[in-house]
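**Q** I'll drop the sequence and a predicted model, then ask my questions.
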Amino acid sequence: MNRKSTYGWFAGLILVWSLVALAPGPVLGADNSDLPSLQERVDGELKLGHFRSAISLLEELLELEAGSGPARQADILVQLAEACQRLGNNRQALSFLQQAQPKAEALGDLHRQGLILGSLAKLNYQIGERQEARSNFLTALELIDKEVHPGPAAAMRNNFANLEVVEGNFDKALKLYNEVIELASKAGDPQLLVSARINMAKTYVEMEQPSEVLSLLNQAFQETVSLDDSHEKSFNLITIGRLAYLLPDKGGKDSDGSLFSYTALKQGLDIADRLQDKICQTYGLIYLGNLYEDGRRYDEALYLTSKGVFVAQEIRAMEIVYQGQWQLGRILNAQGERNMAIDAYRQAINSIQTIRDDLVIDCEKGAKLSYRETVGPIYFELADLLLQQSLSMTDSKKREPLLLEVRFILEQLKTVELQDYFQDSCVTTLQGRVSALDRVVGNTAVIYPVLLEGRLELLVSYASGMKQYRVDVAKDVLTEEVRRFRHKLQVPGSRFQRHAKKLYNWLIAPMEKDLVEEAVTTLVFVPDGALRTIPMGALHDGEDFLISKYAVSVTPGLTLTDPSPLSQTRVKILLNGLSQPVQGFSGLPSVLPEIAAISEMFDSKLFLDKDYTFNAVEGALEGTPFSIIHIASHGQFSSDPRQSFLLTHDGKLTMDNLESLMGLSAYRENPVELLTLSACQTAVGDDRAALGLAGVAIKSGARAALASLWFINDQATSELVQDFYRHLKESPVSKAEALRLAQVRLLSMEEYSHPAFWAPFLLIGNWL
C-alpha cells in the first residue's frame, strides 16, 4: 500500500483531541464515604484508557450523586460524554452533553458553560457538523478565562486549531497551537504540550512543509518518554511513530525516520501492554505490522497484524478492524497466499459495510480525502486478485461467479461514492426498486471497465453471459490519454482522431468481434474515474464513430439504474428555459425555438425567462405529475456538489433544491421518466464533477437524464434536442437510439460534424 492511501486512513488519528477532565468538585449533601474513592477509580480508568469501565463507574457515580448539586452532576455528565466520544459512541455523548448544558446554565456558571460548549463543539466536528463546531468553539473561548484557567483554555484552543486544519486555515491553526504550548506550559500540563506539538507537526505535513516535522516529533517524543505511563502517553507515542513513518522521504525502510518510527511505536505498544490498554494495543500492533510489511519481513508483519485485528475485534473497534484486515490481505498476497489474501480482503470490505456511514462522515469532516480515495484501494485490490484468479481458470462456468463478485464489489463502492458526493442516502433508496440489468440485456451489451494500476479489465455482459477482456494499459496511461482526448474534443476544429482511435482500440476493439456475433445494437457503459469525463460515442475505429454503429448510454452503476421503456401515452412535459442573459451568464436565444418545438410535440406547461423561477416550478410540480422535465438553462457541475447548480431567472437551483422540487409529487415512488438539462458543463479533468453529472438522475429521482459534459453551440444544442424529442414522439425507439439518431444527423451536417457539437450529450441511467 502506498503512503498516500496509508495516510488517508490514518488522518483521523493524528489530530490529537484533548480530554478536558472536569474537576470532581465538592460532594454536596452526600453521606456516602465511597464517593471520593469512586471518583478516583474513574480517573484511574480514564488514565489507563479503560473507557468502558470508566463509563460504568461514572453512571454509578451519577446515580449515587442524584441528590447533589447541578454543578457536580454536570461535571460527571461531561466526563461521561468524553469517555463515550473516545469509544466512538457520539450519539450517547451528545445525550450526556444535552443533559449537562441546562444544569450549567441554571447555575449561571460561565466557565462550566464554556467547558460544556467546548465538548459539544468537539462532538460537532466528530459527526461532520463543522459550522456548528466553529460557532460553539468561538463561544466557548469567550467564556473561559485563559488567565484564570490556562489548562482548559489551552485544551479548547488545541481542539479548535484541529478544526482550522481540516478547513485549510493553517496559519490560524499554527497560531492557536503556539498559544496552546504557552498556556499548557503555564498550567503545567505536559500531555497537552505534547498534543499541540504533534498537531503542529501534522499541520506542516498538510502544508507540504515536512522540514519542520521531524524536529517537532523528536521534541514531542523526548517530552513524552519522561512522563508516567498512561493511555495518553501510549497514544501519543504511537501517533508520533506513525506520523514519522508516513513522512515523504523520511520514513522509508532504510531511513532514520523508520528507526525513529519503530522506537516510538514499540515504546507506545509496550506501555499499552502493561496497562492492558486495548485501544492503543490494536493501533500499535497494526501500525508496527505495517512497518514490518514495508520492510518485507512478512512473518513478523503477519503475526503483529493478526494480533492487532483480534484485539480490535474484541473491543469492536471496526474503524481499525478493516484497516488490519486490509493489511493482512496485502501481506498474505505478498507471501503468495492468494486465496487467503482474498478472504482477508472480503472480511475488510464486510467490516467497512458495518461502518460505512461513519466513514463517509469522517471523509466529509476531514475535507482532505474522499471516501473513494480513503477506502477505494481496498475494493480495487480485491477486484484485481479476483480477476487474476479468473484469468487462470479455463472453465467459463467457474469464472463467471468471480466476475459477478468483482462487479458486485465495485458496485458497493460506486453506491457509497455517490452518497459521499451528494451527502445523501437517496442512492440506497433507489437500490430497493431496481432490476438486475443482466435480465433485460437483449441486444444490449453492458460494458464495465475496471481501471487497475497495471492494466485495464473490461467486464462485458451479453445476452449469453459475461466475458472478461484484459487490456495491457496502465491506469495512469489511460487516464492521460482520456485527458488529452477530452481537451481536444471540446474545441471545434481540433484534431482529436489519434486519441479517439487509441481509446477505441483499448475500450472497444477487444470485444468488437463478440459485439457482432451477439447482434448488439446498444452499448451501456458503467464508466469509472477519468472515463466519466468523455463521451464514448466519439470513439473512432479509423472509419466511423462509435455512435454511427451503436446507441450509447452511461450509468453510474448497475444497481443504480431502473430500466423500463418510456410510456408513449399521456406524456406530459414541464418546460423551463432562459433565453435572456441573467446573473452574468450569456443569453441562449435558440432556447425559444427549442421550447416552442417541444411544446408542439407534447402536452406541456411552460416557464420562460422571467417566469422561470423556483417558486413557479415548485407550484407546478406540487399539482401535476410530469413525465419529463426539461431545463434549457446554464448549468454547472463541480467537484463540490454545493457549487453545482442550474440557473433560474431569480437564482440558482442547487442539487438539493432539484431533489426537493422533484420530490414534491412523490417521485421517489413514481419517478420522472426523463430529466433533460440542455446547457450543462463540467471542467476538463474533474472526475468528481463528472461523477456529479452522472449521478444527477439518481439525485433528482428521475429514471434517466439527458445532459451535456460541456456547453456547446446554442443552435446545435437546440437542433439536437428537438430531434431527440421528435424521435421519441414519432418512432418506437429507445431513448438511447433517439439520441443516437439525433447525434448522427448533426454529424452529417457540415457545420456541426465535429464532435465538439454533437458528442457531449450523454444519456444517463435508463436507456430504454
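**A** Thanks, I have it.
**Q** So which residues make contact with stretch 134-148?
**A** With contacts defined as C-beta atoms under 8 Å, 6 or more residues apart in numbering, stretch 134-148 is touched by 110-111, 113-115, 117-118, 120-121, 124, 152-154, 156-157, 159-160, 163, 183. Heads up, the C-betas are built off the backbone N, CA and C, glycines and all.
**Q** In ChimeraX, select just the buried ones from the residues you listed.
**A** Filtering the contacts of stretch 134-148 down to the buried ones (16 or more other C-beta atoms under 10 Å) takes a single ChimeraX command:
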select :113,114,115,117,118,120,121,124,152,153,154,156,157,159,160,163,183
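**Q** Tell me which of the contacts of stretch 134-148 fall in helices.
**A** Here DSSP state H is the test, and those give 110-111, 113-115, 117-118, 120-121, 124, 152-154, 156-157, 159-160, 163, 183 as lying in helices.
**Q** which ones are touching residue 584?
**A** No residues are in contact with residue 584 under the rule C-beta under 8 Å, 6+ apart.
**Q** Let me know the pLDDT of it.
**A** At residue 584 the predicted local distance difference test score is 93.
**Q** quick one, phi psi at it?
**A** Dihedral pair for residue 584: phi 80, psi 0, per degrees, to the nearest 10.
**Q** Name the surrounding residues that touch the helix or strand harbouring residue 660.
**A** For residue 660, the enclosing helix or strand under DSSP states H and E is helix 655-662. Here helix 655-662 makes contact (C-beta under 8 Å, 6+ apart) with 422, 424, 426, 614, 617-618, 621, 629, 641, 644-646, 653, 672, 675, 692, 696, 699-702.
**Q** how far away is the nearest residue to residue 320 once chain neighbours are set aside from residue 346?
**A** Nearest non-adjacent residue to residue 320, counting by C-beta to C-beta, 6 or more residues apart in numbering: residue 312, 4.6 Å away. To residue 346, residue 312 is 17 Å away according to C-beta to C-beta, to the nearest Å.
**Q** Compare these two and say which one has the larger neighbour count.
**A** Here residue 312 and residue 346 are set side by side on neighbour count (other C-beta atoms under 10 Å), and the busier one is residue 312, at 26 against 17.
**Q** wait, what's in contact with the residue lying closest to residue 54 once chain neighbours are set aside?
**A** In space, and not counting its chain neighbours, residue 54 is closest to residue 45: 4.0 Å by C-beta to C-beta, 6+ apart. Counting by C-beta under 8 Å, 6+ apart, residue 45 makes contact with 51, 53-54, 57.
**Q** and with 7 Å instead?
**A** The contact partners of residue 45, taken as C-beta atoms under 7 Å, 6 or more residues apart in numbering, are 53-54, 57.
**Q** likewise residue 475?
**A** When contacts are counted by C-beta under 7 Å, 6+ apart, residue 475 is found next to 451-453.
**Q** what about burial for those, which qualify?
**A** With neighbours counted by 16+ other C-beta under 10 Å, the contacts of residue 475 contain buried members at 451-452.
**Q** which among the contacts of residue 475 gets closest to residue 286?
**A** Of all the contacts of residue 475, residue 453 has the smallest distance to residue 286: 23.6 Å, by C-beta to C-beta.
**Q** helix, strand or coil for the closest one?
**A** The assignment at residue 453 comes out as coil when based on DSSP: H, G, I helix; E, B strand; the rest coil.
**Q** got a list of what it touches?
**A** Residues touching residue 453, when contacts are defined by C-beta under 7 Å, 6+ apart, comprise 474-475.
**Q** In stretch 55-69, which residues are buried?
**A** The neighbour-count criterion (16+ other C-beta under 10 Å) identifies 55, 57-58, 61-62, 64-65, 68 as the buried residues of stretch 55-69.
**Q** What is the longest helix of the protein by residue count?
**A** helix 338-366.
**Q** for the helix or strand that it is followed by, packing partners?
**A** Secondary structure here is assigned by DSSP H and E; on that basis, the next helix or strand after helix 338-366 toward the C-terminus is helix 371-391. Taking 3 or more C-beta pairs under 7 Å, 6 or more residues apart in numbering; DSSP states H and E as contact, the helices and strands that helix 371-391 lies on are helix 3-14, helix 338-366, helix 396-422.
**Q** quick check: mean pLDDT across helix 371-391?
**A** Helix 371-391 shows a mean pLDDT of 94 in the predicted model.
**Q** Going by neighbour count, list what's buried in the host helix or strand of residue 480.
**A** When elements are defined using DSSP H and E, residue 480 is found to belong to helix 475-489. Neighbour-count burial for helix 475-489 flags 475, 478-479, 481-483, 485-486, 488-489 (criterion: 16+ other C-beta under 10 Å).
**Q** Let me have those residues in a markdown table, adding distance to residue 583 and pLDDT as columns.
**A** What follows is these, written out as a markdown table (distance: C-beta to C-beta, whole Å; pLDDT from 0 to 100):
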| residue | distance to residue 583 | pLDDT |
| --- | --- | --- |
| 475 | 40 | 97 |
| 478 | 38 | 98 |
| 479 | 35 | 97 |
| 481 | 37 | 98 |
| 482 | 33 | 97 |
| 483 | 31 | 97 |
| 485 | 32 | 97 |
| 486 | 27 | 96 |
| 488 | 31 | 96 |
| 489 | 28 | 95 |
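**Q** What is the nearest of those residues to residue 324?
**A** Distance to residue 324, by C-beta to C-beta, is smallest for residue 475 among the buried residues of helix 475-489, at 26.4 Å.
**Q** For the stretch 651-768 of the chain, which segments are assigned as helices?
**A** Secondary structure of the stretch 651-768 of the chain (DSSP state H, counting those that start in this stretch): helices at 655-662, 687-694, 696-700, 714-730, 735-748, 755-758.
**Q** For the longest one, give me every contacting residue.
**A** Applying C-beta under 7 Å, 6+ apart, the set of residues contacting helix 714-730 from outside is 566, 588-590, 593-594, 597-598, 601, 676, 678-679, 706, 733, 735, 738-739, 741-743, 745-746, 752, 757-758, 761.
**Q** Could you pick out the buried ones from those residues?
**A** Members of those that pass the buried threshold by neighbour count (16+ other C-beta under 10 Å) are listed as 566, 588, 590, 594, 597-598, 676, 678-679, 706, 733, 735, 738-739, 741-743, 745-746, 752, 757-758, 761.
**Q** count of residues packed around residue 350?
**A** The tally of other residues near residue 350 (other C-beta under 10 Å) stands at 12.
**Q** Enumerate every residue touching residue 607.
**A** Under the criterion of C-beta under 7 Å, 6+ apart, the contact list for residue 607 reads 576, 616-617.
**Q** Distance from the chain centre to whichever strand or helix holds residue 286, please.
**A** When elements are assigned from DSSP H and E, residue 286 belongs to helix 278-294. Offset of helix 278-294 from its chain centre (C-alpha atoms, centre = their mean, to the nearest Å): 25 Å.
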